[in-house]
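Q: Just need the structure, nothing else, for what follows:
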Amino acid sequence: MKIYKYLNFQDGLKTLSNNNVLLNNPINYNDPFDCVIKPSKKDEDECYKRILRYYLFKEFSNIILEKKVKIPFCLLWVRWLMKIFKKMVKKVPYYDGMPMFDSISDLIIEKYSETNEDFKQNLTTNQIKFSKEIRNTIDEIKEMLLVSCFSKKYDSILMWSHYGDKHRGLCIEFEVDSDDFKEVIYAKKRKQIDLKAITAVVLGYDFIGEKVSKDNKKILKEISKLLFTKYKDWEYESELRVVHSIKDCDGESIFKKDERYFLKMPKINKVYVGCKANDDDINNLKQDFPNIEIVVLKDSEKEFAIM
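A: Numbering: from 1, shown residues only. This next block holds a predicted model:
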């Protein structure tokens, strides 16, 4: 698959020399709606309920699993189930609730919230605690994301104007065969994050007494989904993206230099030069890179096109 990277002339020269592209964090994007994480009100309300239910479940499990607590013989099987459940969560940190216990929790919350102020305060405190932790987890993981953007076209007038230094820059062609380079989907409606899935991960880590892993695949997957959806007006870009995390930095395919991250790319065989590029720059480019095919684009005399 051929993909294209629009750059100004100087950045293009660096890419041609080093065979790598800059990986950027989506926080720096010029589209304020790009990669914005905004869950639906319905999801938020459901997650608040899950947090309250989880608080009661955690308190109950702490009592059941406490060896010093003597429980009736007929309830020993509950302790056994709790031990198995904790082992399962330890292996895959994820708490999505328990239907039977959730129903009981709802009754307890409804009854005691009206009559017991301490109970109500504890619920509110834990709701705030976990809500804050969920938001912090999302923000921290988002800050670790590394993205590089490409196009399926080399002859887009708008792309040259916006990213190719007003047709004075370069557009570098890469041949890639990796599934990591995925097409952006253009839509009228914003894609919303699955807050329930992320909440389940955060609660799962809390249940086993561990801090949320910043490279948790479930959370990375949910946040990454937002990186491949943009508003329909951007459709002219025909964009593809590759998404990584700072955790992926191995010093070779993804490496850090001067506080910036780069992705090693395949050998470059072809580069397009903007139709407004300086003649001296073009001549120097041909001399410095004799093994790369240099195509100098021209603007059409009859149509709004470059060729």
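Q: How many residues are close by Cys47?
A: Using other CB atoms under 10 Å as the criterion, Cys47 is surrounded by 23 other residues. Yep, even glycine has a C-beta here, placed from its N, CA and C like the rest.
Q: what helix or strand does it sit in?
A: Following DSSP states H and E, one finds Cys47 within helix 41-65.
Q: need the next SSE after that helix, C-terminal direction.
A: Using DSSP H and E, the helix or strand that follows helix 41-65 towards the C-terminus is helix 76-91.
Q: Could you list the residues in contact with that next one?
A: Residues outside helix 76-91 that contact it (CB atoms under 8 Å, 6 or more residues apart in numbering): 61, 64-65, 71, 95, 204, 207-208.
Q: do stretch 264-281 as well
A: Outside stretch 264-281, the residues within contact range by CB under 8 Å, 6+ apart are 4, 9, 12, 15-16, 19-21, 154-155, 160, 164-176, 252-255, 282, 285, 289, 292-299, 306.
Q: for Tyr275, helix, strand, or coil?
A: No Tyr there; residue 275 is Cys. Classification of Cys275 using DSSP: H, G, I helix; E, B strand; the rest coil returns coil.
Q: By residue count, tell me the biggest helix in this structure.
A: Secondary structure of the chain per DSSP state H: the longest helix is helix 117-144.
Q: gap between that one and the chain center?
A: Mean C-alpha position of helix 117-144 versus that of the full chain (CA atoms, centre = their mean, to the nearest Å) differs by 21 Å.
Q: Any buried residues in it, and which?
A: By neighbour count on 16 or more other CB atoms under 10 Å, the buried set for helix 117-144 is 119, 122-123, 126-127, 130-131, 133-134, 137-138, 141-142, 144.
Q: which of those lies closest to Asp31?
A: Proximity to Asp31 was ranked across those by CB to CB; first place goes to Lys142, at 15.3 Å.
Q: Name all residues that make contact with that closest one.
A: The neighbourhood of Lys142, defined by CB under 8 Å, 6+ apart, consists of 26-27, 35, 37, 223.
Q: if you set the cut-off to 10 Å instead, what comes out?
A: For Lys142, the contacting residues are 25-27, 35-37, 219-220, 223-224, 226-227, by CB atoms under 10 Å, 6 or more residues apart in numbering.
Q: and the most centrally placed residue in the chain, what helix or strand is that in?
A: Compute the mean C-alpha point of the chain, and by CA atoms, centre = their mean the closest residue is Ser224, 2.9 Å away. Secondary structure assignment for Ser224, by DSSP H and E: helix 217-226.
Q: could you give me the average pLDDT of that helix?
A: The average of the pLDDT scores along helix 217-226 is 84.
Q: what about the stretch 101-250 of the chain, any weak spots by pLDDT?
A: Across the stretch 101-250 of the chain, not a single residue meets the criterion (pLDDT under 70).
Q: which residues in the stretch 201-307 of the chain form helices?
A: Applying DSSP state H, counting those that start in this stretch to the stretch 201-307 of the chain gives helices spanning 217-226, 279-288.
Q: Reformat those helices as TSV; add distance to Lys189.
A: TSV is the format used below for those (distance: least, CB to CB, whole Å):
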stretch	distance to Lys189
helix 217-226	13
helix 279-288	43
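Q: Could you identify which of these is most buried?
A: Stretch with highest mean neighbour count among these: helix 217-226 (a mean of 18; mean count of other CB atoms under 10 Å).
Q: Which neighbouring elements make contact with that one?
A: When contacts are defined as 3 or more CB pairs under 10 Å, 6 or more residues apart in numbering; DSSP states H and E, helix 217-226 packs onto helix 117-144, strand 145-151, helix 195-207, strand 239-245.
Q: run the last query once more with 7 Å
A: The contact analysis (3 or more CB pairs under 7 Å, 6 or more residues apart in numbering; DSSP states H and E) places helix 217-226 against helix 117-144, helix 195-207.
Q: Tell me which of these lies nearest to Lys42.
A: Ranking these by proximity to Lys42 (CB to CB) places helix 195-207 first, at 9.6 Å.
Q: residues near the nearest residue to Glu140 once chain neighbours are set aside, how many?
A: Excluding the flanking residues, the one nearest Glu140 by CB to CB, 6 or more residues apart in numbering is Lys214, at 6.1 Å. By other CB under 10 Å, 15 other residues sit near Lys214.
Q: wait, isn't Lys214 in contact with Ile138?
A: No. Lys214 is beyond contact range of Ile138, at 11.0 Å (criterion: CB atoms under 7 Å).
Q: Quick one: the helices and strands packed on helix 217-226 as JSON lines, columns for distance to Val242 too.
A: Below are the helices and strands packed on helix 217-226 laid out as JSON lines (distance: least, CB to CB, whole Å):
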{"stretch": "helix 117-144", "distance to Val242": "15"}
{"stretch": "helix 195-207", "distance to Val242": "23"}
